[in-house]
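> Sequence first, then the predicted structure:
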Amino acid sequence: MAIITRRTFIQAAGAAATLPVLGNKAFAAEKIKIGFIFLGPVGDYGWTWAHNKGREQVEKELGDKVETVYVENVQEDASAIPVIRDLAQQGCKLIFTTSYGYMDQTIAVAKEFPNVKFEHCTGYKRADNVSTYNSKFHEGRAVLGTIAGKLSKSGTLGYLGSYKVPEVVLGVNSFALAAQKQNPNAKVKLVLIDSWFDPPKEAAATETLVNLGCDIVTTHTDSPGPLQILQQKKLYGFGQGADMSRFAPDAHLTAIEDIWGPYYVERVKAILDGSWKSADTWDGMKEGTVKISPYNKAVPADVVKLADDIQTGYKNGSYDIFKGPIYDQAGTLKVKEGEVMKLADLAVIDWFVKGVESAA
Amino acid sequence: MSTEFIIAAIVTIVGLTTPILLAALGELVVEKAGVLNLGVEGMMLMGAICGFGATVSTFNPWLGILGAAAGGALSSMLFAVLVLELNSNQVATGLALTIFGTGLSSLMGLSYTGFIVPVFGSIFPASLASDPYLKVIFGYSPIVYFAIAMVPVVAWFLKSTRAGMILRAVGENDLSAHSIGYSVKGVRYAAIAFGGAMAGIGGAYFSMVITPMWAEKMTAGRGWIALALVVFAGWRAGRLLVGAYFFGILMALELYAKAAGFSFLPSQFWAAMPYLMTIIALSVISMRDRSGGNAPACLGKPFLPST
């Protein structure tokens, strides 16, 4: 016999009163949380800005089923671990870590949360719950190199990069090879500034490259700063990660735009229907991950044609910039005539092609 | 090396040096008054966004500079109230100011992202400012001349004026200065505000001159180099000018060495040079002078008068 005392009654009433609240919560929890770790500020108008556009597309297309959380300005060191862990503890079911430098940190946190899925951008370490995804930016660099090789008067091109990581090495090589197809004597001066985002240093490095004879400078760092310097000097450059023409209407010849939205939406859908599996995705122009912005009017029609041909070639699979013969800086033959470099080799590349002048 | 090459290199060096010179001059006065404000980076960012915002709103770069100075000074007042009224720890409060300034400038900058303004460049006639040779003298933003002019002004103020001597007295022995009737707090408020204004103008050099746009965290750690510079210069304005250009040359050398394919030293070594040089300078100063060099005796200590 159940004795209803005042105390148990209150407990029961309290439980009943909280029921609708719990119900709401349970309903709200059905919205699956998706986390994003960003390297820079979302307002960098480059790398992080593009990833954030991808996140916004997830919100737009799947906003009724998922909610997204993001953390900006996350350092690429051990301090990223608690940030990623925090997103997992907040209940994120899928976490995108959007820079190469989060590789080991992502793997470490993924071990602690076997039921959370992770997606690491531009890395090569995977696990059952860690996928990697990348974009063939170098396909875009081949287009930029073609334009630069054709338009440069001095034949000396500048390349402003961040670190010597495969993504940047591929970009430099692709740019140099494409430029040399237009101008066999084209040289590429490379400066790596040991940062992805440092506008004053990017600006000073651009001035330095110009002073050393470069009349076109392409950037593989994330701010529009270099383009502003080129605009002031009436020279040319390219946007990185996003269309940056508003910062330098005359100097901006075109840009490589990173389009992450479709991939993010696809992977979030896979979480929703339970089909998510660890994978290594490396999409490019064909899949629409790499897009070339509208050309500046300073690019003549014949150069536009050359550039468009490369885009078409990549889209129908008939073109590859990493087709031999390719020599390294010392002049050693690295890829034989007629051979094409394999994706696995591209992913770990650490040597520059002939005609690249660099300190390291 | 042609003359044009050297001139272009000098222009780059001036660009790298000016913001750290401005911020360090301000911090020098603050530290001479006995206050250690580690919030330089945050104040520079506040100056950068306020200067940029004021320029976008008024189309007048001079008002932009005023806005930058006001932005830097106002944010420094937050620090001043905490350390002077509440005697909070100066190191911790300064670090908090850096974090606060970084965050607030990002928030304020949200509505300015993607804007550009005309470069606040030389105000000399184009025949001087754009001349391939004369531009080495006339081709700079007014901020550059202001920064260089402020070096003798600060040196003269600290050394030869009554107010400067009071400021130094407050920094060397706050209790004595207090006991003979000087307002320690008042002097320190003024010094901190000056430091904030100078850091703010230094920050605006990034957002109005080098790359005329707003980007979050665009000062990218220059505030810390300015702090190191004050120590490197042994708290002397003249040496500060030399030190600032020495740091500027080091930063430019790093880029030239890389672009020229000079791989004698790893690139990270160049980036660490300003800090390494500061440590070396500190060691030399302390070896030469057992009393701890020129560091103001009350630097970083809270002012706690018995009356």
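Sure, I can see it. Numbers count the residues shown, from 1 in each chain, chains lettered A, B, ... in the order given.

> From now on I want contacts and neighbour counts done on CA atoms only, so please keep to that.
Fine.

> Check the gap between the residue of chain B found nearest chain A and residue A:340 for me.
Closest contact between chain B and chain A, by Cα to the nearest Cα, is at residue B:261 (3.9 Å). The gap separating residue B:261 from residue A:340 is 29 Å, by Cα to Cα, to the nearest Å.

> cool, residue A:231 as well?
37 Å.

> So for the two, which sits in the more crowded spot?
Between residue A:231 and residue A:340, residue A:231 has the larger neighbour count (other Cα atoms under 10 Å in any protein chain shown), namely 18 against 15.

> show me the contacts for the more buried one.
Shown in contact with residue A:231 (Cα atoms under 8 Å, 6 or more residues apart in numbering or on different chains): A:248-252.

> Could you rerun that using 7 Å?
A:248, A:250-251 (Cα atoms under 7 Å, 6 or more residues apart in numbering or on different chains).

> Write out the residues of chain B neighbouring chain A.
Near chain A, the residues belonging to chain B are B:5, B:8, B:12, B:113, B:116, B:206, B:210-211, B:215-216, B:218, B:220, B:255-256, B:258-259, B:261-263 when assessed by Cα under 7 Å from any Cα of the partner chain.

> Show me the helices in the stretch 101-250 of chain B, by range?
Counting by DSSP state H, counting those that start in this stretch, the stretch 101-250 of chain B has helices at residues B:126-129, B:135-138, B:142-160, B:162-172, B:174-179, B:184-205, B:222-232, B:237-259.

> before we move on, what about the stretch 201-350 of chain A?
Counting by DSSP H, counting those that start in this stretch, the helices of the stretch 201-350 of chain A are A:225-232, A:261-272, A:301-316, A:343-346.

> now those as a markdown table including mean pLDDT and distance to residue A:194?
Putting the helices of the stretch 201-350 of chain A into a markdown table (pLDDT from 0 to 100; distance: least, Cα to Cα, whole Å) gives the following:
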| stretch | mean pLDDT | distance to residue A:194 |
| --- | --- | --- |
| helix A:225-232 | 94 | 15 |
| helix A:261-272 | 95 | 28 |
| helix A:301-316 | 95 | 30 |
| helix A:343-346 | 89 | 22 |
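
> Residue numbers of the stretch 51-200 of chain A in contact with chain B?
Residues of the stretch 51-200 of chain A found near chain B (Cα under 7 Å from any Cα) are A:189-191, A:198-200.

> Sort out which of those are in strands and list them.
Among these, the members found in strands (DSSP state E) are A:189-191.

> top of the residues you listed by neighbour count?
Most surrounded of these: other Cα under 10 Å gives residue A:191, at 32 neighbours.

> what's around residue 116, how many residues?
Since you didn't name a chain, this refers to chain A. 18.

> Sorry, I should have been clearer: chain B.
Counted with other Cα under 10 Å, residue B:116 comes out at 20.

> contacting residues around it?
A:247, B:212-213.

> again, only using 8 Å
Applying Cα under 8 Å, 6+ apart to residue B:116 gives the contacts A:247, B:212-214.

> Could you do residue A:143 as well?
Going by Cα under 8 Å, 6+ apart, residue A:143 touches A:175, A:178, A:307-308, A:310-311.

> Could you rerun that using 10 Å?
Contacts for residue A:143 (Cα atoms under 10 Å, 6 or more residues apart in numbering or on different chains) come out as A:149, A:174-175, A:178-179, A:254-256, A:292, A:304, A:306-311, A:321.

> for residue A:320, same thing?
The contact partners of residue A:320, by Cα under 10 Å, 6+ apart, come to A:139, A:142, A:174, A:310, A:313-314, A:340-341.

> Quick check: residue A:184 vs residue A:215, distance?
For residue A:184, the distance to residue A:215 - Cα to Cα - is 17 Å.

> out of the two, which sits in the more crowded spot?
When neighbours are counted by other Cα under 10 Å, residue A:184 and residue A:215 differ, and residue A:215 comes out ahead with 23 against 14.

> Double-check that one against residue A:234; I have them as touching.
Yes: in this structure, residue A:215 is within contact of residue A:234 by Cα atoms under 10 Å, at 9.3 Å.

> And for the closest residue to chain B within the stretch 201-350 of chain A, the neighbour number?
Nearest to chain B in the stretch 201-350 of chain A, going by Cα to the nearest Cα, is residue A:225, at a distance of 5.3 Å. Look at residue A:225: counted by other Cα under 10 Å, it has 29 neighbours.
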